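*Asks:* With the input below, show me the fold.
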Amino acid sequence: MPRFSANLSSMYSDAPFLDRFGAAAEAGFWAVECRSPYATPAAEVRRRLDDNGLSLVLIDAPAGDWTAGERGLAALPGRERAFREGMWRAVEYADAVDCRRIHVMAGVVPPDTDPDACWDTYLNNLCWTAGLVEGTGTEITLEPIGGLDVPGYLLASSDLAVRAIDTIRSTSLYLQYDIYHGLRMDEVPADVFRRYLKRIRHVQVAGNVDEVSPVAGGDPMPALFGLLDDLDYDGWVGCRRMPRRTCDGLVWAGQFAFALPAA
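*Replies:* Now for the predicted structure:
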């Protein structure tokens, strides 16, 4: 079965951030991930990782003003300097906590802005980012997110993400695939895995996916996880949110060393 990491930005949210590391370890996780750890000194995060025998397998680069609706700066014309300063910060932080994977959000196309100009800006920033991490062992992941969750998000399909990766042609750029978002974009995750697995470096699952898109036979996760095994996927599967009803009903949870906890 795949290896699972706990997303500390959404799981154990009733506890202070630093206490979530211990909660994840107690539940049996060997790895964690988080969206934006930058308010916490890297030395403190590294200490919690070491104390709990955990690896930090993914962080997000700074995504702009989240409260104002920004979801990344990479595709925003005129924000190149802010994006690149954020990437320097992310790379420095990731190095301090021994995290070798950084998710870069594309951003929402601003009103009255040409989407083609955003795409060109995105590719230019990705090319610069690939050069920044070249030879360091750090991987950059790109996650598509559909308009139902983030209206106007530039990278609104897996095909677009792969198009960007193939255009840059860097060994540092990879696809990050969230099964929840895939279903919300009317994609078939199994088809995406079969078509693009060599480009995928991180998989995520969030929420009760069988409520997002009904699947014959009930919960689709056992079959998808089995498919990842069949395809020899050796990355992590990040758990962002797992409602209690889903956790209680997961037959496959008994096959792990832990039961997935609810958010």
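*Asks:* What separation is there between the nearest residue to Val104 once chain neighbours are set aside and Pro222?
*Replies:* In this structure, Val104 finds its nearest non-sequential neighbour in Ala61, 4.9 Å apart by Cβ to Cβ, 6 or more residues apart in numbering. Where C-beta positions appear, they are placed from N, C-alpha and C, glycine not excepted. Distance, Ala61 to Pro222, by Cβ to Cβ, to the nearest Å: 33 Å.
*Asks:* between those two, who's got more neighbours?
*Replies:* Ala61 (26 against 16; other Cβ atoms under 10 Å).
*Asks:* quick one: contacts for that one?
*Replies:* Contact analysis of Ala61 by Cβ atoms under 8 Å, 6 or more residues apart in numbering lists Gly72, Gly86, Met87, Arg89, Ala90, Ile102, His103, Val104, Met105.
*Asks:* Could you grab the helix/strand/coil label for the residue of the chain positioned farthest from its centre?
*Replies:* What lies farthest from the middle of the chain is Asp112; by Cα atoms, centre = their mean that is 28.9 Å. When classified by DSSP: H, G, I helix; E, B strand; the rest coil, Asp112 comes out as coil.
*Asks:* Going forward, count from 23.
*Replies:* Taking 23 as the first residue, the last one we looked at is Asp134.
*Asks:* so where's the stretch 173-285 of the chain uncertain?
*Replies:* Of all residues in the stretch 173-285 of the chain, those with pLDDT under 70 make up the ranges 229-241, 263-285.
*Asks:* Can you tell me how far Arg103 is from Leu148?
*Replies:* 16 Å.
*Asks:* who's more crowded, these two?
*Replies:* For the pair Arg103 and Leu148, the greater number of neighbours falls to Leu148 (23 against 9), based on other Cβ under 10 Å.
*Asks:* surely that one meets Ala97?
*Replies:* No: taking Cβ atoms under 8 Å as the definition, Leu148 is not a contact partner of Ala97, at 9.3 Å.
*Asks:* Tyr218 and Ile190: what is the separation?
*Replies:* In terms of Cβ to Cβ, Tyr218 sits 15 Å off from Ile190.
*Asks:* Glu156 now?
*Replies:* 11 Å.
*Asks:* ditto for Val184
*Replies:* Val184 is 11 Å from Ile190, by Cβ to Cβ.
*Asks:* can you check Val126 too?
*Replies:* 12 Å.
*Asks:* Now the one helix or strand Glu114 maps to: average pLDDT?
*Replies:* Per DSSP states H and E: Glu114 is located in helix 102-118. Helix 102-118 shows a mean pLDDT of 98.
*Asks:* If you count neighbours, what's buried in the top helix by length along the chain?
*Replies:* Counting residues, the longest helix found in the chain (DSSP state H) is helix 137-155. Of the residues in helix 137-155, Cys140, Trp141, Thr143, Tyr144, Leu145, Asn147, Leu148, Thr151, Ala152, Leu154, Val155 count as buried by neighbour count, 16 or more other Cβ atoms under 10 Å.
*Asks:* Which stretches in the stretch 123-272 of the chain count as helices?
*Replies:* In the stretch 123-272 of the chain, helices defined by DSSP state H, counting those that start in this stretch lie at 137-155, 180-190, 201-206, 211-218, 231-234, 243-252, 266-271, listed in chain order.
*Asks:* Met23 is nearest to which of those helices?
*Replies:* helix 243-252 (5.9 Å; Cβ to Cβ).
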